[in-house]
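K.L.:
Just to be clear, the model below is a prediction. Sequence and coordinates:
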Amino acid sequence: MSKQENNLNRRRFLAQLSLISAAMVAPRYVMGCKSPSDRINLGFIGTGKQALGLQDSFLKTNAVNILAAADVYEAKLQHFASSLKGCELYHDFRKILDRKDIDAVVIAVPDHWHAVISVLAAQAGKDIYCEKPLSLTVKEGRAMVTAARQHKRVFQTGSMQRSWPEFRQAVELVRNGYIGDIKTVRVNVGPPPKPYDLPAESIPAGVDWDFWLGPNVKPAVFNHNLAPGMKDDFWAHWRDYKEFGGGGMTDWGAHMFDIAQWGLDMDASGPISVTPPDKDHPFLTYQYANGITMTHEPGTGDQGVTFVGTKGEIHVVRGKLETTPPELRDKVIGDSEKHVYKSENHYDDFLQAIRKRSKPVADVEIGHRTATVCNIGNIAYALNRPLKWDPVKEVFDDAEANILTGREMKKEWNIL
């Protein structure tokens, strides 16, 4: 072998070695491998009823390992991990954030905890899947967006209807003008929250109630309706109370106002006013800068959204799309027409965004804007007067209303 051939072979060998070394150190989500050893490692924060459904949905992607879980309710924590191998259990979620082998966290705790955990997770370098409604207050939602952007985190909001075909079809029909110019949107979801008023009950063994209350400054007595036990087959009612949630307005509203915002192409904005029911407005009414109105109509129908245009209507709920004229329901949107982000699996979409370092279908800004619509509606209900809203500055024209865009939090957990 000549000296020239020997040098050429040596260069080829070194080049191959360099490629192998690069592959060994490249992040799993960059390489895009599907081998079991290359799955995305998840930590679950919150292990109640919603978390069990999320566990199943993520495991069905066959692309994750659930390595850790945290909860202040010991029985739920143990139940969550009963079918998992190698899942470490923690009382304090910060132990999960400290682990270098956790790529992302799934946050399925009551709303009053969402912002604190999300911001700390972003600071710890974790990608985030957080249940809807994204935040308890407007200011907390903006803090979540800021933290995710600052730390370059992939953040999926649990608004899974954006990955369902009937909602995507409804939105694309609206966006492409098939029912003409939109005049109004009707949203049929539950009422605003009420102050917490449940009687005190004995705190069960294995429940850290102080930690459950977390950021909340005002103490609240334990009641199993807030944190149901293992034998209680119902969704926790913390959603109904303003100290912990936003009532039906944010619970189902975070789904249905989300579709309204999507259809109106307002994912980066919102309405400019909100008026509670009065002699001129039978329902709470939002108005957008383009003149479109949107009403909150609790108790008047199913949990759904109706777009009303100059040429027809579109009504969509889970599993059903109704249109006027009827033939629009099955209309195929052409390649040259307007299309929205297409996701067929909300959980796989999040995982693919982690691998690509891209924004998922329900990015944190989208989740924040939807939660904001719900939250400013609740503020109008609480103050019972019309309010003007600046969706750019995210402030009202009313000092008292602006106070309600945030809340007092314990110093330990204050992220604002």
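P.N.:
Sure, I can see it. The shown structure was predicted, so the numbers you read here are calculated from the model rather than taken from an experiment.
K.L.:
going forward, measure contacts between C-alpha atoms and count neighbours the same way
P.N.:
OK.
K.L.:
How many residues are close by residue 334?
P.N.:
Using other Cα atoms under 10 Å, residue 334 has 8 neighbouring residues.
K.L.:
Ok, residue 411 next?
P.N.:
By the measure other Cα under 10 Å, the count of residues near residue 411 is 10.
K.L.:
Quick check: phi and psi on it?
P.N.:
Dihedral angles of residue 411 (phi, psi; degrees, to the nearest 10) stand at phi -50, psi -40.
K.L.:
you'd agree residue 389 is in a strand?
P.N.:
Yes - the assignment for residue 389 by DSSP: H, G, I helix; E, B strand; the rest coil puts it in a strand.
K.L.:
Could you give the number of residues near it?
P.N.:
Residue 389: 23 neighbours (other Cα under 10 Å).
K.L.:
so who does it touch?
P.N.:
Contacts for residue 389 (Cα atoms under 8 Å, 6 or more residues apart in numbering) come out as 271-274, 395-397.
K.L.:
Looking at it now. What's its pLDDT?
P.N.:
On pLDDT, residue 389 comes in at 98.
K.L.:
Against residue 372, how distant is it?
P.N.:
11 Å (Cα to Cα, to the nearest Å).
K.L.:
what's the answer for residue 353, then?
P.N.:
Here residue 353 is placed at a distance of 24 Å from residue 372 (Cα to Cα).
K.L.:
These two: which is more packed in?
P.N.:
Neighbour totals were compared for residue 353 and residue 372, and residue 372 leads with 30 against 19 (other Cα under 10 Å).
K.L.:
buried residues in whichever strand or helix holds the more buried one?
P.N.:
Here residue 372 sits within helix 364-383, counting by DSSP states H and E. Buried residues in helix 364-383, counted by 16 or more other Cα atoms under 10 Å: 364-381.
K.L.:
Show me where the stretch 301-416 of the chain has its helices.
P.N.:
For the stretch 301-416 of the chain, applying DSSP state H, counting those that start in this stretch gives helices covering 346-356, 364-383, 399-403.
K.L.:
now do the chain
P.N.:
Using DSSP state H, the helices of the chain run over 3-25, 28-31, 49-59, 74-81, 94-97, 111-123, 138-150, 165-175, 209-213, 247-251, 253-263, 346-356, 364-383, 399-403.
K.L.:
For those, could you give me a markdown table that also reports distance to residue 330 and mean pLDDT?
P.N.:
Formatted as a markdown table, the helices of the chain follow (distance: least, Cα to Cα, whole Å; pLDDT from 0 to 100):
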| stretch | distance to residue 330 | mean pLDDT |
| --- | --- | --- |
| helix 3-25 | 46 | 48 |
| helix 28-31 | 37 | 44 |
| helix 49-59 | 28 | 98 |
| helix 74-81 | 41 | 97 |
| helix 94-97 | 46 | 98 |
| helix 111-123 | 37 | 98 |
| helix 138-150 | 36 | 98 |
| helix 165-175 | 9 | 98 |
| helix 209-213 | 47 | 98 |
| helix 247-251 | 30 | 98 |
| helix 253-263 | 17 | 98 |
| helix 346-356 | 23 | 98 |
| helix 364-383 | 27 | 98 |
| helix 399-403 | 44 | 98 |
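K.L.:
For residue 282, find the nearest of those.
P.N.:
Among the helices of the chain, the nearest to residue 282 by Cα to Cα is helix 364-383 (12.9 Å).
K.L.:
Identify all contacting residues around that closest one.
P.N.:
Outside helix 364-383, the residues that touch it by Cα under 8 Å, 6+ apart are 132-138, 141-142, 144-145, 148, 155-157, 159, 192-193, 246, 249-250, 253-254, 257-258, 261, 267-271, 274-276, 284, 386-387, 401, 404-405.
K.L.:
Recalculate using a threshold of 7 Å.
P.N.:
133-135, 137-138, 141-142, 145, 155-157, 192, 249-250, 253-254, 257-258, 267-270, 274-276, 386-387, 401, 404 (Cα atoms under 7 Å, 6 or more residues apart in numbering).
K.L.:
How far does stretch 49-68 stretch from one end to the other?
P.N.:
With Cα to Cα as the measure, stretch 49-68 spans 17 Å from end to end.
K.L.:
Oops, could you answer that again for stretch 258-268 instead?
P.N.:
So stretch 258-268: terminal residues 12 Å apart, Cα to Cα.
K.L.:
So for it, what gets flagged as buried?
P.N.:
In stretch 258-268, counting by 16+ other Cα under 10 Å, buried: 258-264, 266-267.
K.L.:
Is the residue nearest to residue 153 when sequence neighbours are not counted bridged to anything, and to what?
P.N.:
Distances taken as Cα to Cα, 6 or more residues apart in numbering put residue 127 closest to residue 153, at 5.1 Å, once the chain neighbours are dropped. Beta-bridge partners of residue 127, counted by DSSP bridges, are residue 104.
K.L.:
Residue 127: what's it in contact with?
P.N.:
If a contact means Cα under 7 Å, 6+ apart, then residue 127 has 103-105, 153-155 as its contacts.
K.L.:
please redo it, this time with the cut-off set to 8 Å
P.N.:
Here residue 127 is in contact with 103-105, 121, 153-155, 354 (Cα under 8 Å, 6+ apart).
K.L.:
Taking those, tell me the two that lie furthest apart.
P.N.:
It's 121 and 354 that sit farthest apart of these, by Cα to Cα, at 14.7 Å.
K.L.:
Save the buried residues of stretch 258-268 as JSON lines, and put in distance to residue 308 too.
P.N.:
Output for those, formatted as JSON lines (distance: Cα to Cα, whole Å):
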{"residue": "258", "distance to residue 308": "16"}
{"residue": "259", "distance to residue 308": "14"}
{"residue": "260", "distance to residue 308": "11"}
{"residue": "261", "distance to residue 308": "14"}
{"residue": "262", "distance to residue 308": "15"}
{"residue": "263", "distance to residue 308": "12"}
{"residue": "264", "distance to residue 308": "12"}
{"residue": "266", "distance to residue 308": "17"}
{"residue": "267", "distance to residue 308": "19"}
